[in-house]
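K.L.:
The sequence and its predicted three-dimensional model are supplied below.
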Amino acid sequence: MRNRIFIALGTALIGLTAVLAQSLTNPPTMAPSKTTVPSPANVKVQLLTTNGQLSGPVEVPRVVKTDAEWRQQLTSEQYGIARGKGTERAFCGVFYDHKKPGHYECVCCQLPLFSADSKFDSGTGWPSFFKPIAPENVVTHTDISHGMVRSEILCARCDGHLGHVFNDGPRPTGLRYCLNSASLVFVERRQP
């Protein structure tokens, strides 16, 4: 009897391992994902010109800092979310109902990430966008934490945690980039 239990447990463990391996090698296709891995030193992104137009893609140095340097640069909340992959409480972030024209940048490296023009009220309590300012500026990775399989959004230049992307957004993309306000800095659009 004991041998049968061990065999059944072993078989179940092998099956679970196969399912997990399959989900890691074939992550959900909810969001566009980079197919090429940038060099450790540089990454191709699009930047904004002084008049707010996209420029690029251009190759820029990847931002890499020590844990101590990130802690010195960021508040404890920003560090816990952007570097520690945390999540702020719903309806508490400064940008969840923010409506000014402009764009949102990474709190860690100031890479432009999302335009206010693609922001929408998802009713979730987090800032939500249907597309990034440029597809090169964000990357997605499979996140299997908390017993779920989700697509985590990261800044392409510094790997700062931004939030997650889901496939329940509005047209034209059908995506909802659900972000943490603490991972963002807002830059108001200049009036001409």
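P.N.:
Received, thanks.

K.L.:
I'd like to know the average pLDDT value across stretch 168-187.
P.N.:
Stretch 168-187 shows a mean pLDDT of 96.

K.L.:
what domains does the record give for this protein?
P.N.:
Per the record, the chain has its domains at 1-30, 31-188, by automatic domain parsing.

K.L.:
now the strands for the protein?
P.N.:
With DSSP state E, the ranges of strands along the chain come out as 42-48, 54-61, 102-106, 112-115, 119-120, 128-129, 138-143, 150-155, 161-166, 176-179, 184-188.

K.L.:
Identify the residue nearest the residue most central in space within the chain in space, chain neighbours excluded?
P.N.:
Centroid check for the chain by CA atoms, centre = their mean gives Ile153 as the closest residue, at 1.7 Å. Among residues not flanking Ile153 along the chain, Leu162 sits closest, at 4.3 Å (CB to CB, 6 or more residues apart in numbering). Where C-beta positions appear, they are placed from N, C-alpha and C, glycine not excepted.

K.L.:
and if you look at Phe166?
P.N.:
Distances taken as CB to CB, 6+ apart put Arg176 closest to Phe166, at 4.7 Å, once the chain neighbours are dropped.

K.L.:
Look at Gln53 and report its pLDDT.
P.N.:
On pLDDT, Gln53 comes in at 89.

K.L.:
residues in contact with it?
P.N.:
The contact partners of Gln53, by CB atoms under 8 Å, 6 or more residues apart in numbering, come to none.

K.L.:
Would you check how far apart it and Ser115 are?
P.N.:
Distance, Gln53 to Ser115, by CB to CB, to the nearest Å: 12 Å.
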